[in-house]
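Enquirer: I would like the atomic coordinates for the input below:
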Amino acid sequence: MRKYRKVIIIIIILMAALLVAVTGLMSPGVTQTRECSLIYIPKIKDDANDFWSSLISGCKMAAEEYGSKLEIMAPDKEENIEEQNRLLKAAIEKEPDAILFSPSSMSASDKLLKKAKEKGIRITYIDSYTEEELQDLTVATDNVEAGRRLGEYARTLLDKDSRLAIVSHVKGVSTAVEREQGFREGLGDYAKNIVEVVYCNSLFEKSYELTNELMKKYPDLEMIAGMNEYSAVGVGRAVSDAGAKDRIAVVGVDCSQEAINLMEMGVYKGIIVQKAFRMGYMGVEETIHMLNGDSVAKNIDSGCELVTPDNMYDSDIERLIFPFY
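Expert: Presented below is the predicted three-dimensional model:
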């Protein structure tokens, strides 16, 4: 009798497991994915930039895991809006299921994006967006919050008379506008001590040159903030080469191996690190869910962390800044 009871129990367990599996398959929350055709147009494809390299890698991994086709079409420079629009036009002509787009302008691509929507192409923004809401969904860092967190931390390194400057990336792009806004909010009344904001057009060399000019123009500067990887690394290089790391604190946005080295050298005092790989992966993943009829949030925050010399070797932070983990 015990033998039969054991067999019956096993059968019941197997039936319950089968019921769970079938219920899961029938659940509307589970995507029955089909092969989707996707084109991603970032601001740039640059192997020397860890942010864009990680973001694009995340996109590729998600597309591979979901069995979808992904083509990357990228301009040679972040500020090359004309080239990005040429690529956008070419992408529309290919009529993919969706175009994932990181706009370098708040409005210059609107006409083409509207044309894509008229053709039934779904639009996903990754990292940045346009002033007019033309997208079906956005996956990005909350850049105002990222800037605010950096500003709040920067304030702890300053006093009421400290003078500081900002080296930003591309004037008018949403990420630059929002990070500066948040940074000023985080600084509070110290924001009045910002002596100048300059733009490096996302070029390491230009940021380096602008930083040297700022140090000469304002010899009493105590801090320079870089608003993306190009600007922050350029600032760090210039401050390091000038032997000014003990006089001028460098804070910034975006992580790279060079940024980590600069922090270890005492040049960087704080970095806001975006979760670039996660941003790219989620951008593709959520687009595929959308194309398969799932309900998706229109605005998704991919997250960020403040990294300082005090926490850079905490286990959670190490996994973020050393992606080999």
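Enquirer: residues near the closest residue to Lys298 other than its chain neighbours, how many?
Expert: Counting by C-beta to C-beta, 6 or more residues apart in numbering, Lys298 lies nearest to Leu137, which is 5.3 Å off, once chain neighbours are set aside. From N, CA and C alone the C-beta is placed, and that goes for glycine too. Leu137: 22 surrounding residues under other C-beta atoms under 10 Å.
Enquirer: Tell me what Tyr199 is bridged to.
Expert: Counting by DSSP bridges, Tyr199 forms beta bridges with Ser168.
Enquirer: pretty sure it contacts Gly172?
Expert: No. Tyr199 is beyond contact range of Gly172, at 9.1 Å (criterion: C-beta atoms under 8 Å).
Enquirer: ok, now which ones touch Ala108?
Expert: 81, 85 (C-beta atoms under 8 Å, 6 or more residues apart in numbering).
Enquirer: what about 10 Å?
Expert: Counting by C-beta atoms under 10 Å, 6 or more residues apart in numbering, Ala108 makes contact with 81-82, 84-85, 130, 172.
Enquirer: coming back round to it: so what's in contact with Tyr199 and Gly172 at the same time?
Expert: Glu79.
Enquirer: what stretches of the stretch 1-150 of the chain score poorly on pLDDT?
Expert: For the stretch 1-150 of the chain, applying pLDDT under 70 flags the ranges 1-33.
Enquirer: Please name the nearest non-neighbouring residue to Val251.
Expert: Excluding its sequence neighbours, the residue lying closest to Val251 (C-beta to C-beta, 6+ apart) is Gly270, at 4.5 Å.
Enquirer: Near that neighbour, how many other residues are there?
Expert: 23.
Enquirer: Pretty sure it sits in a helix.
Expert: No. The assignment for Gly270 (DSSP: H, G, I helix; E, B strand; the rest coil) gives strand, which keeps it out of a helix.
Enquirer: I'd like the distance between it and Asn193.
Expert: In this structure, Gly270 and Asn193 are 17 Å apart, going by C-beta to C-beta, to the nearest Å.
Enquirer: Over to Met73?
Expert: 42 Å.
Enquirer: For the residue nearest to Val251, give me its contacts.
Expert: Per C-beta under 10 Å, 6+ apart, neighbours of Gly270: 149-150, 153-154, 156-157, 225, 249-252, 263, 306-312.
Enquirer: Quick one: the strands in the stretch 151-300 of the chain, in order.
Expert: Ranges of strands in the stretch 151-300 of the chain, per DSSP state E, counting those that start in this stretch, are 163-168, 194-199, 221-226, 249-253, 268-274, 299-301.
Enquirer: With distance to Thr287 as extra columns, can I get those strands in JSON lines?
Expert: Listed next are the strands of the stretch 151-300 of the chain as JSON lines, based on distance: least, C-beta to C-beta, whole Å:
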{"stretch": "strand 163-168", "distance to Thr287": "29"}
{"stretch": "strand 194-199", "distance to Thr287": "31"}
{"stretch": "strand 221-226", "distance to Thr287": "31"}
{"stretch": "strand 249-253", "distance to Thr287": "25"}
{"stretch": "strand 268-274", "distance to Thr287": "19"}
{"stretch": "strand 299-301", "distance to Thr287": "11"}
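Enquirer: Which stretch among those strands approaches Ala176 most closely?
Expert: Across the strands of the stretch 151-300 of the chain, Ala176 has its closest neighbour in strand 163-168 (4.7 Å, C-beta to C-beta).
Enquirer: ok so, going back, counting only helices, which of the contacts of Gly270 make the cut?
Expert: 149-150, 153-154, 263 (DSSP state H).
Enquirer: Just the buried residues of these.
Expert: The neighbour-count test (16 or more other C-beta atoms under 10 Å) marks 149-150, 153-154, 263 as buried among the ones in helices among the contacts of Gly270.
Enquirer: Quick check: of those residues, which lies closest to Gly293?
Expert: Closest to Gly293, out of all of those and judged by C-beta to C-beta, is Arg149, at 36.4 Å.
Enquirer: which ones are touching that closest one?
Expert: With C-beta under 10 Å, 6+ apart, Arg149 has these contacts: 142, 182-183, 186, 253, 270, 272, 304-306.
Enquirer: At which residues are the helices of the stretch 1-150 of the chain located?
Expert: Counting by DSSP state H, counting those that start in this stretch, the stretch 1-150 of the chain has these helices, from start to end: 2-26, 50-65, 81-93, 110-118, 143-155.
Enquirer: Quick check, Glu258 in contact with Val235.
Expert: No. Taking C-beta atoms under 10 Å as the definition, Glu258 is not a contact partner of Val235, at 11.7 Å.
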